[in-house]
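Undergrad: Quick one, structure for this:
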Amino acid sequence: YVSDDNIPANGAYIGLAPPGNVGSWQRECKDYQFWTKTDINGYFLINDIRPGDYNLYAWVPGFIGDYQYSVAITITPGSEIEVGDLVYEPPRNGPTLWEIGIPDRSAAEFYVPDPNPKYINKVYVNHPDRFRQYGLWERYAELYPNEDLVYTVGTSDYKQDWKIDTNKYQGTTWQIRFKLDNVDQGSSYKLRVAIASATFSELQVRINDPKTNPLFSSGLIGRDNSIARHGIHGLYWLYNVDVPGKLLVQGDNTIFLTQPRSSSPFQGIMYDYIRLEGPSKLSSNEEYMSTL
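TA: Model prediction:
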């Protein structure tokens, strides 16, 4: 865990948007929003706001989830409002057993293959935005012609072994293989799956049996079209999946992540971050907080 104490949320994105629910600002497109970033000590100031009623929303790079201030804020001409200390408690049930990626709502840290030489844009050769190269959606089928991606915790490196997206002309099933020295089969584990973008996709989760009914299904989600537009993020989705301990075994385990829909090469999921947490009783004295 990060700290026993509250820590300043350096670089948090915080803003005023029309009243709604946690994270609803992402889908709000008719009214004004006013955003800023916190400083190194977590302080922030938002100026030049149109009068009206708002909710205060935030998210913190490096932590999953969304924050919403519980009190509605009414802006009137010339008003100054101090909200005081805001405390965000990111989702957390137990200790981290393993994690993949960086929780920043982007897939930029994952592997971006070289483009087809016929389509190469020299501007993006050895460039941080190399995901902008044209035609990368064709590369998955070329890199994995027979089997889908397999990631082994403790051996694989997400920068090289976890591809930026899941697109293919047919459904895909990615595997996360990991070992557990001990399993509390009477308790529940928690799988956190943060998605940076999805386009007409579905996420199915299975544990140790790829042919069983899914433990979890997101249903059809996303219209971001990030793959077609050479992007690395769209709308943010966070799924918290309860994994009964009886589904896990001591020793080798596998999580199967299936995206079954395949009517277009532009369908797919871009993951942001994945984490498996142990049973909560192992971390009853630990707090995971970040202060805005």
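
Undergrad: Which secondary structure state is assigned to residue 115?
TA: Classification of residue 115 by DSSP: H, G, I helix; E, B strand; the rest coil places it in coil.

Undergrad: Count residues in the vicinity of the residue nearest to it when sequence neighbours are not counted, would you?
TA: Counting by Cβ to Cβ, 6 or more residues apart in numbering, the nearest residue to residue 115 once its immediate chain neighbours are dropped is residue 133, at 3.9 Å. From N, CA and C alone the C-beta is placed, and that goes for glycine too. By other Cβ atoms under 10 Å, the residues close to residue 133 number 21.

Undergrad: And residue 133, its phi and psi?
TA: The phi/psi pair for residue 133 (degrees, to the nearest 10) reads phi -60, psi 140.

Undergrad: so how far is residue 32 from it?
TA: In this view, residue 133 and residue 32 are 35 Å apart by Cβ to Cβ, to the nearest Å.

Undergrad: would you say residue 239 is within a strand?
TA: Yes - per three-state DSSP, residue 239 lies within a strand segment.

Undergrad: name the helices or strands packed onto the longest strand along the chain?
TA: Secondary structure of the chain per DSSP state E: the longest strand is strand 188-201. Counting contacts by 3 or more Cβ pairs under 8 Å, 6 or more residues apart in numbering; DSSP states H and E, strand 188-201 packs against strand 221-223, strand 237-244, strand 251-259, strand 268-277.

Undergrad: so it versus strand 251-259, what angle?
TA: Going by axes from the mean of the first three to the mean of the last three Cα atoms, to 10 degrees, strand 188-201 is angled at 30 degrees with respect to strand 251-259.

Undergrad: pull the CA atoms of strand 188-201 into PDB?
TA: The C-alpha coordinates for strand 188-201 follow below in PDB (Å, rounded to 0.1, in the frame of the first residue of the first chain):
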ATOM      1  CA  SER A 188     -13.300 -13.500  -1.700                       C
ATOM      2  CA  TYR A 189     -10.600 -11.900  -3.800                       C
ATOM      3  CA  LYS A 190     -11.100  -8.800  -5.900                       C
ATOM      4  CA  LEU A 191     -10.100  -8.300  -9.500                       C
ATOM      5  CA  ARG A 192     -10.000  -4.700 -10.600                       C
ATOM      6  CA  VAL A 193     -10.100  -4.100 -14.300                       C
ATOM      7  CA  ALA A 194      -9.800  -0.500 -15.500                       C
ATOM      8  CA  ILE A 195     -10.400   0.100 -19.200                       C
ATOM      9  CA  ALA A 196      -9.000   3.100 -21.000                       C
ATOM     10  CA  SER A 197     -11.200   2.600 -24.100                       C
ATOM     11  CA  ALA A 198     -13.800   0.300 -25.600                       C
ATOM     12  CA  THR A 199     -15.500   0.100 -28.900                       C
ATOM     13  CA  PHE A 200     -18.600  -2.100 -29.300                       C
ATOM     14  CA  SER A 201     -16.900  -4.600 -27.100                       C
END
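
Undergrad: tell me the angle of that strand relative to strand 268-277?
TA: Computed with the same axes, to 10 degrees, the direction of strand 188-201 lies at 170 degrees from that of strand 268-277.

Undergrad: Tell me the strands beside strand 188-201, with direction?
TA: Taking DSSP bridges as the criterion, strand 188-201 sits next to strand 221-223 (antiparallel), strand 237-244 (antiparallel), strand 268-277 (antiparallel) in its sheet.

Undergrad: can you redo those as TSV with distance to residue 121, mean neighbour count and mean pLDDT?
TA: TSV is the format used below for the strands paired with strand 188-201 (distance: least, Cβ to Cβ, whole Å; neighbours: other Cβ atoms under 10 Å; pLDDT from 0 to 100):
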stretch	distance to residue 121	mean neighbour count	mean pLDDT
strand 221-223	26	17	96
strand 237-244	30	16	98
strand 268-277	20	25	97
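
Undergrad: Next, format the ones you listed as JSON lines and append distance to residue 113.
TA: Formatted as JSON lines, those follow (distance: least, Cβ to Cβ, whole Å):
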{"stretch": "strand 221-223", "distance to residue 113": "22"}
{"stretch": "strand 237-244", "distance to residue 113": "24"}
{"stretch": "strand 268-277", "distance to residue 113": "14"}
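
Undergrad: What distance do you get for the most centrally placed residue in the chain to residue 99?
TA: Of all residues in the chain, the one closest to the mean position by Cα atoms, centre = their mean is residue 194, 2.5 Å from it. Taking Cβ to Cβ as the measure, residue 194 falls 10 Å from residue 99.
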